[in-house]
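Novice: Prediction below, plus the sequence it came from.
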Amino acid sequence: MAVLADLAGLLGLAGLAGLAAMRWPCDKTRAGAMIRLLGLLGFGGLAGLWIDGAGAMGAAGAFSLWNHQNPRLARLGWLGWLFPIGSLYILVHFLHFHLRH
């Protein structure tokens, strides 16, 4: 399980693609603004410092490229859908903690 958690944590690196939105921001008139706001969930990847596997939540940072006018950057936005993997590790962590106490 620990090996899977380590690999899941590496998935969070996909969220770094979202930093491209700072250099080339998405046009404000394009649809998908609410999904691009999901990029803020990428900060949840910081939980990976304490919870093994939770770093995959950082992949949500790629959502900031959702429906970008540049097709190459728009494809990177799909990497944001990897974030539920990290959410599962956080859920398991808290369920395990709650059931123990």
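Specialist: Received it, and whenever you're ready, just let me know what you need.
Novice: Check which element follows the helix or strand bottoming out on mean pLDDT in the chain along the chain.
Specialist: The weakest-scoring helix or strand in the chain, judged by mean pLDDT, DSSP states H and E, is helix 2-11 (a mean of 84). Next helix or strand after helix 2-11 toward the C-terminus (DSSP states H and E): helix 20-23.
Novice: Buried residues of the helix or strand that that next one is followed by, list them for me.
Specialist: For helix 20-23, the following helix or strand on the C-terminal side (DSSP H and E) is helix 33-37. Neighbour-count burial for helix 33-37 flags Arg36 (criterion: 16 or more other C-beta atoms under 10 Å). (Each C-beta comes from the backbone N, C-alpha and C, glycine too.)
Novice: Let me know the average pLDDT across helix 33-37.
Specialist: Averaged over helix 33-37, pLDDT sits at 90.
Novice: what residues does that helix touch?
Specialist: Ala21, Cys26, Phe63, Ser64, Leu65, Trp66, Asn67 (C-beta atoms under 8 Å, 6 or more residues apart in numbering).
Novice: hmm, who's touching stretch 17-24?
Specialist: Stretch 17-24 has contacts (C-beta under 8 Å, 6+ apart) with 36, 39, 42, 61-65, 68, 70, 73, 76, 79-80.
Novice: Please report which of these has the highest neighbour count.
Specialist: When neighbours are counted by other C-beta atoms under 10 Å, Ala62 leads these with 31 neighbours.
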